[in-house]
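[1] fold the following for me, if possible:
(one chain, ligands or ions: 1)
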Amino acid sequence: MHHLTCVSCGATFNAAQILYQCPVCGHLLAVEYDLDRMEIDPRAWKERPLSVWRYREILPVSGHPITLQEGGTPLYHLKRMGAEMGIRELYAKHEGMNPSGSFKDRGMTVGVSMALQLGKNTVACASTGNTSASLAVYAAKAGIHAVVLLPAGKVALGKVAQALIHGAEAISIRGNFDQALEMVHDLCRSHGLYLLNSINPYRLEGQKTIGFEILDQLGGVPDRIVLPVGNAGNISAVHKGLKEYITLGLIDTLPMMTGIQAEGSRPIVDAIQRGLPEVIPERHPDTVATAIRIGTPVNAEKALAAIRQTGGTAESVTDDEILAMQKELARKEGIGVEPASAASVAGVKKLVESGKIDRKERIVCVVTGHLLKDPETVVRQCKPPLEIDADLRSLLSALRL
Ligand code: AN7
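    This is a model prediction of the structure:
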C-alpha cells in the first residue's frame, strides 16, 4: 500500500486521489510506502530479469502493468575514456537502450499503468521530445488516447517521428517547454486528462529503478551518480529510490547526486553554486541539447535536496563541450547518445579537471537518450559521405590507398 505525501508540509493524501501538487501548500508530492512493515527479499529480486518490474514491491502498480520490457539497460565500463581522464571506474548507464530510446519509458510504464488503475483513458504531457515519444508508445500499448504539447521548432526529429507514428495527438506551441507545461497542467486540471509530466509523482517511481539497477549491476553503491538535468525529475527519482533502500536496510550510504545542465539553461546549477533556497527561473533557456532546454525545472525542490543531502554538486557545460563529448563517446566507446545525455559525461570531465571531484571515485553517468533521437544535430557535426562514381578506380582514389 502507498499514499501521497507533500515534500514540504508533510500532509498525506489517499492514493486514489488524482493530485499533482499538495492541495494544502502547493508543493510537490511524493509516493510513500509502509517500508517499515515490508518484507523485501532482495535475493528473490535477483531471480527476476533486470528491469523496472524486478522491483515491483516498491512500485505503486497493483495489477498487470502496461509494459514493453523497459529497463535492464547496459552499464558500460568506460575503460578508454576513463583512462584518459584518469578515472579507473567510470561507467555509463545507457538509458537510450529502452523501448522508445530514453529513460522516460521507466516512468511511463508506471505512469500509464497508474492512469488505467485510476480509471483514466486520456493522458497528456508537455515535452522537449522524449516524454512525448514515450507517452505515445505506452498510450498505444494501453489503447488509450495521448495528447502531447511540443515547443514548436525545438524538438529533435526522431522524437517528433515517434510521437506521430505511435498515434499521439501532437500540438506544437509557439512558445518554449515551460509555457507548454503550464498550459497542459491547466488543461489537465480543468478537463480531467491525466497529466504524465514528472510533476506526477507516479512517473518518478518508475525512474527510481535506474538507481536500483546500477547497484545490482555494480554489486554495490557507487560514490557518485551523474545525470543531465532538465526538469530535475530523474535526479530526484534516483535519490528517492536509494533513500528507500536505506530505510529498507539494503544499503547504508548514498551516492553523491550530481546534476549537469547546459550553460544556456542552468537554474539548478546557479542555485547550488550560490547556495540559494530555490531556483530562479531562466526565462530564455537555450542549448543544442534541446531535451534539457528547460528554464523552470518543476522538480527543483526535490533535486536541490537530493544534491545537498548527499554532498553532491551541480555543474554546467557549453554546447561545444556537449557536442565534443557526444562524438568522443561515439568514437572511443561505441556509445551513441543524444546531446543532452553527453552532458553528464562532459560534466564529469569538467569536474575532475577542475579538481571538484576525485579521480579515485567510482562514478556512474546516466546517459539518458539514444543517438538516433536527434540525427539532424549529428549530420550538422559530421562530414557527409563522399559521393563517387560506381567504379573501383574512383573508390581507390577516394580512399587514397
Ligand atoms: C535525453 O521529454 O523533459 O531532469 O519533456 O530527454 O528528469 O527532466 C526530457 C528530459 C535528460 C532531463 N536527458 O531529465 C521531456 C524532457 C534526456 C531528456 C533529460 C531529458 P529531467
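
[2] ok, the helix or strand residue 227 falls within: who's next to it in the sheet?
    Using DSSP states H and E, residue 227 falls within strand 224-228. Next to strand 224-228 in the sheet, as set by DSSP bridges, lie strand 256-262 (parallel), strand 362-367 (parallel).

[3] all helices of the stretch 151-300 of the chain, in order?
    In the stretch 151-300 of the chain, the segments counted as helices under DSSP state H, counting those that start in this stretch are 157-165, 177-191, 201-207, 209-218, 233-247, 267-274, 300-309.

[4] out of the ones you listed, which is closest to the ligand?
    helix 233-247 (3.5 Å; Cβ to the nearest ligand atom). All C-beta atoms are positioned from the backbone trio N, CA, C, and that covers glycine.

[5] what angle do strand 362-367 and the closest one make with each other?
    Counting by axes from the mean of the first three to the mean of the last three Cα atoms, to 10 degrees, helix 233-247 points 140 degrees away from the direction of strand 362-367.

[6] follow-up on the earlier one: which stretch among the strands paired with strand 224-228 comes nearest residue 158?
    strand 362-367 (15.7 Å; Cβ to Cβ).

[7] ok, the residue nearest the centre of the chain to residue 140 distance?
    Closest to where the C-alpha atoms of the chain average out (Cα atoms, centre = their mean) is residue 234, at 4.5 Å. Using Cβ to Cβ, to the nearest Å, residue 234 is found at 23 Å from residue 140.

[8] what's the answer for residue 15, then?
    In terms of Cβ to Cβ, residue 15 sits 26 Å off from residue 140.

[9] buried stuff in the lowest-mean-pLDDT helix or strand in the chain?
    Lowest mean confidence among the helices and strands of the chain (mean pLDDT, DSSP states H and E): helix 42-46, at a mean of 91. Neighbour counts over helix 42-46 (16 or more other Cβ atoms under 10 Å) mark residue 45 as buried.

[10] tell me the average confidence for the helix or strand hosting residue 345?
    Remark: residue 345 resides in helix 339-353, with elements defined by DSSP H and E. On average, the pLDDT along helix 339-353 is 98.

[11] for it, which helices and strands make contact with it?
    helix 79-85, strand 224-228, strand 256-262, strand 313-317, helix 319-328, strand 362-367 (3 or more Cβ pairs under 8 Å, 6 or more residues apart in numbering; DSSP states H and E).

[12] got the residues of the stretch 101-250 of the chain near the ligand?
    Counting by Cβ under 6 Å from any ligand atom, the stretch 101-250 of the chain comes close to the ligand at 102, 127-131, 198, 228-234.

[13] would a markdown table of those with pLDDT be doable?
    Formatted as a markdown table, those follow (pLDDT from 0 to 100):
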| residue | pLDDT |
| --- | --- |
| 102 | 98 |
| 127 | 98 |
| 128 | 98 |
| 129 | 98 |
| 130 | 98 |
| 131 | 98 |
| 198 | 97 |
| 228 | 98 |
| 229 | 98 |
| 230 | 98 |
| 231 | 98 |
| 232 | 98 |
| 233 | 98 |
| 234 | 98 |
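
[14] keep only those of the residues you listed that are in strands.
    residue 228 (DSSP state E).

[15] the residues of the stretch 101-250 of the chain next to the ligand: which two are farthest apart?
    Among those, 129 and 232 lie farthest apart (Cβ to Cβ), at 17.0 Å.

[16] list the contacts for the residue nearest to residue 9 when sequence neighbours are not counted?
    Once flanking residues are discounted, residue 9 sits nearest to residue 25: 4.5 Å by Cβ to Cβ, 6 or more residues apart in numbering. Residues in contact with residue 25 (Cβ atoms under 8 Å, 6 or more residues apart in numbering) are 6, 8-9, 11.

[17] quick one: which of these is most hemmed in?
    Per-residue neighbour counts (other Cβ atoms under 10 Å) across those peak at residue 6, which has 20 neighbours.

[18] contacting residues around that one?
    12-13, 22, 24-25, 27-29.

[19] from these, which is closest to residue 87?
    Out of the contacts of residue 6, the member with the shortest distance to residue 87 (by Cβ to Cβ) is residue 28, at 33.7 Å.

[20] so that closest one makes contact with residue 21?
    Yes. Using Cβ atoms under 8 Å, residue 28 is in contact with residue 21, at 6.9 Å.

[21] deepest of the helices of the stretch 151-300 of the chain, which one?
    Mean neighbour count, computed with mean count of other Cβ atoms under 10 Å, is highest for helix 201-207 among the helices of the stretch 151-300 of the chain, reaching a mean of 28.
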